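Q: take a look and give me a structure for this.
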Amino acid sequence: MTAIEFNHVSKQYRLGLVSTKTLAHDIRRFWITNVLGKEDPYLKIGETNDRTSKGESEYVWALRDIDFKIEQGDVVGIIGKNGAGKSTLLKLLSRVTGPTTGTIRAHGRIGSLLEVGTGFHPEMTGRENIFMNGAILGMSRAEIQAKLDEIIDFSGCARYIDTPVKRYSSGMTVRLGFAVAAFLEPEILVVDEVLAVGDAEFQKKAIGKMQDVSQGEGRTVLFVSHNMASVRQLCHTGILLDQGTVAMMGPMGDVIDKYVSQSVDVNNVGAIWNKETLEEKPVQLIHAEIQNEKGEPVTSLSCDEDFYIELTYNVQERIPGMYGVLYVVRTKDQIRTIMSDTHDIGYNKIESLPLGVSKVRLCFPRRLLAPGEYTVEINMSSRFSTQQITFDRVKYCVKFDLNDYSTIRGNSRQGFFSTIIDWEFVK
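A: Take a look at the predicted model:
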């Protein structure tokens, strides 16, 4: 059964002003659309909603020709850059605002958490707001009362439940808002990235509750977040928005891969990195490369072979507290898997390294990392007293792929590591 259906939905906004600026402008629009029954002439104008550039038109399309269907019980992650139209899409679905063109069909009650304090009256207590939100969803007082203890317990706001919401912190408001949205049993749960306001404990609880809602109760969840790990863990289907249009819809993992490849400029990153021109820095990286066991630069490796990162750097000045070299290996979701620096081998001052050009080789033992695509960041920093100073940093220095050819599981092995564990069967 289809739970949500967007049919060629667009949303247009006028920049700067609510009206169309002049009385003649407003009268012309009213005459054409309401009297003559023709299309709004201003729908034919407008520019793509690109927040990074200054346009010439006074109209922008926050969303343009959005067309998709979501089945009941599906968990959908909506991702994209800031200004891509994610929040606008959720506001249209939640009926906070209406579409300029197109139609939206949703089957069942919608519980929304779009921003801190959504649906709450600041002068009313937390308890009163729970009952008000339940009434808006069409629930009886008895139904709300049956869920009240669960909502208060999940939110962790028991001590303040009879205090006006205006005295809540943003974190407390989000906790209570999510609990209300999740426990009052809407058929469709819509959650914007407000969960980032909550602490780590609450975010974990919220993700778990959304999993329960979708898997155990068969309700539909739409989740907007910039945390790719949470989205990958929770969602089955993904929608990638780019400047108000659907750039891709499909399996969540594939959608995240496309988004990361767009957001992070790693397309030109390979096995070798070179500094084009030297700068006046105390220490700087001048060359880096990924090498196989034979010392050859490669971008594709097997999990069953050792590989190396070879770095060449130039020291022009000795700095107290110098790390020497710090590297960070990230997955394509930009999750850190390994970090290391010169503290690991016992010295942490630049005096231990000679002035001039030096070279270091870092060994990664076989079967350390799981199959996947990785990027390497190199950082030259010092920590003197409580102050940390970065002298040189290359965030996407080199890139490599690991493949698992020797096990039945192959490249489908999940997790961060590909270590083969010894299994001993004991009678």
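Q: for the helix or strand containing Arg175, packing partners?
A: Assigned by DSSP states H and E, Arg175 belongs to helix 170-183. Helix 170-183 makes packing contacts with strand 110-113, helix 126-136, helix 141-155, strand 188-191, helix 200-211 when contacts are defined by 3 or more C-beta pairs under 8 Å, 6 or more residues apart in numbering; DSSP states H and E. Just so you know, the C-beta spots here come from the backbone N, C-alpha and C atoms, and that holds for glycine as well.
Q: mind listing what's buried in the fourth one?
A: Applying a neighbour-count criterion of 16 or more other C-beta atoms under 10 Å, the buried positions in strand 188-191 are 188-191.
Q: kindly report the same for the longest one.
A: Applying a neighbour-count criterion of 16+ other C-beta under 10 Å, one finds 144, 147-148, 151-152, 154-155 buried in helix 141-155.
Q: now pLDDT and distance to Ser261 too, for those residues, in TSV please.
A: Shown next, in TSV, are the buried residues of helix 141-155 (pLDDT from 0 to 100; distance: C-beta to C-beta, whole Å):
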residue	pLDDT	distance to Ser261
Ile144	86	46
Lys147	86	43
Leu148	89	46
Ile151	87	41
Ile152	89	44
Phe154	85	37
Ser155	84	38
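Q: reformat the residues you listed as TSV; add distance to Asp401.
A: Formatted as TSV, the buried residues of helix 141-155 follow (distance: C-beta to C-beta, whole Å):
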residue	distance to Asp401
Ile144	53
Lys147	49
Leu148	52
Ile151	47
Ile152	49
Phe154	42
Ser155	44
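Q: low-confidence ranges in the stretch 301-427 of the chain?
A: For the stretch 301-427 of the chain, the stretches flagged by pLDDT under 70 are 321, 323-326, 346-353, 383-387.
Q: show me the strands in it, by range?
A: Along the stretch 301-427 of the chain, the segments classed as strands by DSSP state E, counting those that start in this stretch run 307-315, 326-331, 336-341, 356-364, 372-384, 387-403.
Q: with respect to His121, which of those strands lies nearest?
A: Counting by C-beta to C-beta, His121 lies closest to strand 336-341 out of those; the figure is 42.1 Å.
Q: nearest to Asp74, out of the helices and strands packed on helix 170-183?
A: The nearest among those, by C-beta to C-beta, is strand 188-191 at 10.4 Å.
Q: I'd say Met124 and Asp162 touch.
A: No - in this structure, Met124 is not within contact of Asp162 by C-beta atoms under 8 Å, at 10.4 Å.
Q: between the two, which one's more packed in?
A: Regarding Met124 and Asp162, a neighbour count based on other C-beta atoms under 10 Å identifies Met124 as having more, with 15 against 10.
Q: tell me the contacts of that one?
A: Taking C-beta atoms under 8 Å, 6 or more residues apart in numbering as the criterion, Met124 is in contact with 132, 164-165.
Q: what about it, distance to Lys147?
A: Using C-beta to C-beta, to the nearest Å, we find Met124 at a distance of 18 Å from Lys147.
Q: same question for Val76.
A: From Val76 over to Lys147 the distance is 25 Å, taken as C-beta to C-beta.
Q: same question, Cys363
A: Separation of Cys363 from Lys147 (C-beta to C-beta): 56 Å.
Q: neighbouring contacts of stretch 159-168?
A: By C-beta under 8 Å, 6+ apart, the surrounding residues in contact with stretch 159-168 are 117, 120-127, 129, 152, 157, 172-173, 176.
Q: show me which of the residues you listed are buried.
A: By 16+ other C-beta under 10 Å, the contacts of stretch 159-168 give 117, 120, 125-127, 129, 152, 157, 172-173, 176 as buried.
Q: and the furthest pair within those residues?
A: Going by C-beta to C-beta, the pair spanning those furthest: Gly117 and Ile152, at 17.7 Å.
Q: ok, back up a step: tabulate the helices and strands packed on helix 170-183 (TSV), appending distance to Gly37.
A: Output for the helices and strands packed on helix 170-183, formatted as TSV (distance: least, C-beta to C-beta, whole Å):
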stretch	distance to Gly37
strand 110-113	31
helix 126-136	34
helix 141-155	44
strand 188-191	34
helix 200-211	44
